Each structure stands twice: as structure tokens, then as C-alpha cells.
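# My questions are about this predicted structure, shown below with the sequence.
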Amino acid sequence: MDIERKSIPPQVKRSFKGLLIPAAVLVVIIFLACSFLKGYLWFKINTKGYQALFMESGQVYFGHLSSSGRWLKLSDIYYLQVTQPLQQTEGAALSNDNQNIQLVKLGKELHGPEDTMYISKEKVMFWENLKDDSKVVQAIVDYKVK
């Protein structure tokens, strides 16, 4: 049994070569478009407002958020600090009524950080744009007025 080998005609070979460059250009364009859209669609940051950034550690930061590659930049940063009285009565130990929640401006800590944070996107659970009339934004506005 003899298997006949058929060769590809030269016209077909040339037509494949002619499609190779346009196909490669199309793939590059699609890749660039997807990269742009991924960044655009994934981050609908309201650049004029504040965002709440919820970290894996449980810490929540408030500030102005921007994105660059695998890093997030947060500036004008505030966070919540919960304090409890030093001495508690027996019934109050299980209650949250005695907690004092304060909004704290970043920068007054012992190590004296600047008011900008660069955070790996992998450490962030999620973030939210805050409304201008939210209690946190109102507290920030009040802090800045004082």
C-alpha cells in the first residue's frame, strides 16, 4: 500500500504568508485593547471623591485612590480607631456600647509616615467609592475645617 504525499501548491503557501503579519498585528491590538479595558473596567474610581479600602488584615483606610500596575496609591488617608474604657463592668465586657470610634488622620503616628500609601492589590479585599454625604466623608470635611 503506497501512500501518496501531496504537496501544498505554492499559491496556498503564499496566501498563508500574506495572512501571517495581519494576524499578528490583530493579536497585538486585541491584547492591548484587553489590557486597557481590564484596567478601565476593573477600576471605576471616582477621582473627585473618597474611597474606602478594605484590607485582608481587617483594617479599613479612607482616602483618594488611584491605580498603577499591581499597586494602589492611597493619599489623604484616614482610618478608624476603636477605643474602649480601661475598666469595664461585668455586663459591659460583652457590649459594644462603651466603644469609642474615632476617625484618625494618618501621619500623627510614632513612626511619622507621609500621607501617601502604596498598597499591593493582592492585599486588598475590595474598595468602594464613598458618597459625598456619607458619615465618613462628612467627618473628614469637619476635620479639615478645624
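Received, thanks.
# which stretches of this protein aren't confidently modelled?
Within the chain, the ranges that satisfy pLDDT under 70 run 1-19, 34-43, 87-98.
# the domain parsing of it - what is it?
For the chain, automatic domain parsing gives the domain ranges 8-42, 51-145.
# Just put those domains in TSV and tack on mean neighbour count.
(Glycine included, C-beta is placed from N, CA and C.) Rendered in TSV, the data for these read as follows (neighbours: other CB atoms under 10 Å):
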stretch	mean neighbour count
domain 8-42	10
domain 51-145	13
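# Can you show me the strands along this structure?
Under the criterion DSSP state E, the chain contains strands at 51-55, 60-68, 71-83, 100-105, 116-120, 124-129.
# Quick one, which of those strands gets closest to Val28.
Across the strands of the chain, Val28 has its closest neighbour in strand 60-68 (22.5 Å, CB to CB).
# List the neighbours of the closest one that are in contact with it.
39, 43, 45, 47, 50-55, 72-80, 103, 106, 117, 121, 127, 130, 136, 140 (CB atoms under 8 Å, 6 or more residues apart in numbering).
# do the same with stretch 111-122
Outside stretch 111-122, the residues that touch it by CB under 8 Å, 6+ apart are 53, 55, 61, 63, 67, 70-77, 105-107.
# From Leu74, how far off is Lys121?
Note on Lys121: its distance to Leu74, by CB to CB, to the nearest Å, is 12 Å.
# An error on my part: the question was meant for Lys146.
Look at Lys146 and Leu74: by CB to CB, they are 22 Å apart.
# So for Ile29, which of the strands of the chain sits nearest?
Between Ile29 and the strands of the chain, the tightest spacing by CB to CB is seen for strand 60-68, at 23.1 Å.
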